[in-house]
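*Asks:* below are the sequence and a predicted model for it; my questions follow.
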Amino acid sequence: MSRHRYVRNLDIEEELLEDEDRDYYGKSLEDEVPMSPSTSQFIYHRNRISSQSTEKPIIEEDDNYSDDYDDDQDMFDMDDVSFKPKNNAKKNAQKQAAKPAVSQKQEQQKAPPVQPKKPALPAVESLKITNTKKTVRDTSKSPLRIAPNASVQKLNVFEIALNTQPVYKTRERPSTDKDNISLVIAGHVDAGKSTLVGHLLYLLGHVDEKSMKNFKQQSARSGKSSFAYAWILDETEEERLRGVTMDIAHANFDTRNKRFNILDAPGHKDFIPNMITGAAQADAALLVVNASKGEFETGFDLGGQTREHALLLRSLGVQQIVVALNKMDAVEWSEERFNEIKEVLSLFLKKQAGFNHIKFVPLSAYEGINLHTKPPAGHKLLSWYKGDCLVEVLDKLEPPPRAEDKPMRVIINDVFKSTGNSIVLQGKIESGFVEVGAKVYIMPNCELATVKSVNSSDKGAGHQQFTSLSEVCFAGENIVLTLSGTFEPESVSPGMVICRGGNELLIPAKYLVVKLVLFETALPLLKGSKAELHSHALRVPCTVLKLRSIVNKQTGEVIKANPRVITKGMSAIVDLVMEHPVCLEPFAKSRTLGRVSLRVNGRTIAAGVVDQVSR
């Protein structure tokens, strides 16, 4: 009942006054103070009675109403009429003062724009064409146009090189009393390769006593007195500190009938690419093995470098190999140990690697026994070994046939110095000849250069001699070449080939068809397999594009076409795609540029020859 009592006691007039006060305090100052004329002219008044729908475009309506209306009358005629504050009279007076300015502004907007009057054009009655005197042209014939020739056409660099025919005179190699042979020294790490070559150079008189005494003193101070002869070739501080050869070392010596260019290759597995570079330049190989108990087995077992070096040598075209059984003094010059190692290596080198010309020599590199002369009388070795010493065996090696009548091919093995207009590099002439003044191209970049000088490393004896200056050098020689031209920084690198232009130009290839033999590998070869291709000084990533067929190793007869997989021991024909164009040719055209090997994860998995190339 209390709520009914509250309604009966409610004061209606007081409640209405409170609502009026609340409405007044809810309004802002802008609602009470009129806008000044200077401000109102920048205010746009939206048409109050126009349509508020956003679905149709807004169309302006004519303002047919007057702004003068009573405050008591709501122009929108809505039900929710609000109460006005008590000071309405003052408010109406302020609104009346602001109305004239707004009306004047609206009238200016409604006034139509004044169109400018167009100038009146004069009337034209008729047109008359005046007869003009014709100009008589000369009847003489115009000069003939000069037809564009090859020199002015916009050809690319490769097309220019292909259309530039070489001009040179045929040269013949002068007769010499000794044949040149490049010999690579290969084998497992710590087999004694550098010690063997260094001691041999000392015994042959290419290292004087003063220098040898200095090497012995320096190695003794470093706690490596046994490395004294190795330091003759290992010249860098890092090589001497680590006790391993890291890069190819060059040396020369003469025998009775031969002149040898020595390439001392590293034996550590981390430097196999450098070993491949040296082996690619070789005509024959000296494989050094450690005859000590357990050391030979370590180097020959799976993962050892003795096995991998032998496979790489054969895949790179080396056919003659001499096996030096070093450190025979550690096994008391045992004939039984010699025959044991000889039997194992003979089977592997003949059956798996494919060598036919193999010689075995027992020796001690550090003691110098059986190196350049036979052991002294009464030595233990003479009780069972009746063969030749190492130098006598090397002197019986035969140089391979030289391709002097074929187009010039110089493989770049190292870059010594490079500037903007000249470059000094080391390489080997695989075919043809090089003469001073010749115009050559460096492929695959096709950079034009001129031969400024040629220094042969095969025309003297000693340690790293590249000072024999000559006008022309022939196939088979290792040379230092100076070229002049315009060269970009680092544009020339090992693995590139120098050749002449025209029909002798080497065409870079990106796609190869290769016949290869798969070695021992953990994974088979599949379509899409990734590998690293090695050939001469070249090293480039490649991908197996297609497996064409599995063939017989001996006859080449196709056993299975389009196989899905190739496993170890199989011979197959595959398509390879290179990461970029490379300098390779079919094996039938160039034996050196046609041999390749594949390596994966630091191991050689396959080797073969190039059958076809394409751009």
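*Replies:* That came in fine, so what should we check first?
*Asks:* state the distance from Gln218 to Leu233.
*Replies:* 14 Å (CB to CB, to the nearest Å). C-beta coordinates here come from the backbone N, C-alpha and C atoms, glycine included.
*Asks:* ok, those two, which is more surrounded?
*Replies:* Leu233 (23 against 15; other CB atoms under 10 Å).
*Asks:* beta partners of the residue nearest to Met496 when sequence neighbours are not counted?
*Replies:* Nearest-residue entry for Met496: Ile412, 4.8 Å, with adjacent residues in sequence omitted and distances by CB to CB, 6 or more residues apart in numbering. Per DSSP bridges, the residues bridged to Ile412 are Gly427.
*Asks:* mind checking the SS state of Gly556?
*Replies:* Here Gly556 is coil, with the state taken from DSSP: H, G, I helix; E, B strand; the rest coil.
*Asks:* so where is the stretch 201-350 of the chain shaky, pLDDT-wise?
*Replies:* The stretch 201-350 of the chain contains no residues with pLDDT under 70.
*Asks:* can I assume Leu287 is in contact with Gly187?
*Replies:* Yes - Leu287 lies in contact with Gly187 (CB atoms under 8 Å); the separation is 5.6 Å.
*Asks:* mutual contacts of these two, please.
*Replies:* Shared contacts of Leu287 and Gly187 (CB atoms under 8 Å, 6 or more residues apart in numbering): Thr306, His309.
*Asks:* can you get me a residue count around the residue nearest to Met496?
*Replies:* Ile412, neighbours per other CB under 10 Å, totals 24.
*Asks:* Ile423 versus that one, what's the distance?
*Replies:* According to CB to CB, Ile412 stands 10 Å off from Ile423.
*Asks:* local confidence estimate at Leu10?
*Replies:* Looking at Leu10, its pLDDT stands at 67.
*Asks:* same check on Ala111?
*Replies:* Value listed for Ala111 in the pLDDT field: 51.
*Asks:* residue contacts, the residue nearest to Met496?
*Replies:* With contact set as CB under 8 Å, 6+ apart, Ile412 has these partners: Leu425, Gln426, Gly427, Ile442, Val492, Ser493, Pro494, Gly495, Met496, Val497, Ile498, Ala537.
*Asks:* how much space between the nearest residue to the last one once chain neighbours are set aside and Val610?
*Replies:* The one in question is Ala537. Nearest non-adjacent residue to Ala537, counting by CB to CB, 6+ apart: Pro494, 4.1 Å away. Per CB to CB, Pro494 is found 19 Å from Val610.
*Asks:* shared neighbours of Ile412 and Ile423, anything?
*Replies:* Contacts common to Ile412 and Ile423, judged by CB under 8 Å, 6+ apart, are Val492.
*Asks:* wait, Ile272 sits on Asn601?
*Replies:* No - between Ile272 and Asn601 there is no contact under CB under 8 Å: 11.6 Å.
*Asks:* these two - which one has more neighbours?
*Replies:* Between Ile272 and Asn601, counted using other CB under 10 Å, the more crowded position is Ile272 (22 against 10).
*Asks:* mind checking the SS state of that one?
*Replies:* Classified using three-state DSSP, Ile272 is helix.
*Asks:* OK, contacts around it?
*Replies:* Per CB under 8 Å, 6+ apart, neighbours of Ile272: Gln305, Glu308, Leu312, Arg599, Gly602, Thr604.
*Asks:* likewise for Val393?
*Replies:* Val322, Lys359, Val361, Gly387.
*Asks:* give me the buried subset of those residues.
*Replies:* For those, a burial check counting by 16 or more other CB atoms under 10 Å picks out Val322, Lys359, Val361.
*Asks:* how about the first one, secondary structure?
*Replies:* What that stands for is Val322. On the basis of three-state DSSP, Val322 is classed as strand.
*Asks:* distance of the nearest residue to His199 once chain neighbours are set aside from Leu390?
*Replies:* Excluding its sequence neighbours, the residue lying closest to His199 (CB to CB, 6+ apart) is Tyr229, at 4.3 Å. Counting by CB to CB, the gap from Tyr229 to Leu390 is 14 Å.
*Asks:* for Gly556, same thing?
*Replies:* 38 Å.
*Asks:* one more: Val492?
*Replies:* 38 Å.
*Asks:* before we move on, what about Ile412?
*Replies:* Ile412 is 32 Å from Leu390, by CB to CB.
*Asks:* got the domain boundaries for this protein?
*Replies:* For the chain, automatic domain parsing gives the domain ranges 11-103, 179-395, 407-504, 509-614.
*Asks:* how about CSV for those domains, with distance to Val157 added?
*Replies:* Output for the domains of the chain, formatted as CSV (distance: least, CB to CB, whole Å):
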stretch, distance to Val157
domain 11-103, 65
domain 179-395, 27
domain 407-504, 5
domain 509-614, 13
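*Asks:* of those, which approaches Pro166 most closely?
*Replies:* Evaluated over the domains of the chain, closeness to Pro166 peaks at domain 407-504, with 3.9 Å, by CB to CB.
*Asks:* centre of the chain to that closest one, how far?
*Replies:* 22 Å (CA atoms, centre = their mean, to the nearest Å).
*Asks:* now the end-to-end length of that domain.
*Replies:* 6 Å (CA to CA, to the nearest Å).
*Asks:* average pLDDT for it?
*Replies:* Taken as a whole, domain 407-504 has a mean pLDDT of 83.
*Asks:* buried sites along stretch 253-269?
*Replies:* Those would be 253, 255, 258-268, for stretch 253-269 by 16+ other CB under 10 Å.
*Asks:* partner strands of the strand or helix carrying Arg599, parallel or antiparallel?
*Replies:* Per DSSP states H and E: Arg599 is located in strand 595-600. Paired strands of strand 595-600, with direction, are strand 530-535 (antiparallel), strand 603-614 (antiparallel) (DSSP bridges).
*Asks:* would a markdown table of the ones you listed with mean pLDDT, mean neighbour count and distance to Asp329 be doable?
*Replies:* Output for those, formatted as a markdown table (pLDDT from 0 to 100; neighbours: other CB atoms under 10 Å; distance: least, CB to CB, whole Å):
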| stretch | mean pLDDT | mean neighbour count | distance to Asp329 |
| --- | --- | --- | --- |
| strand 530-535 | 92 | 20 | 36 |
| strand 603-614 | 90 | 19 | 32 |
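*Asks:* looking at those strands, which is nearest to Lys351?
*Replies:* Nearest to Lys351, of these and by CB to CB, is strand 603-614 at 15.3 Å.
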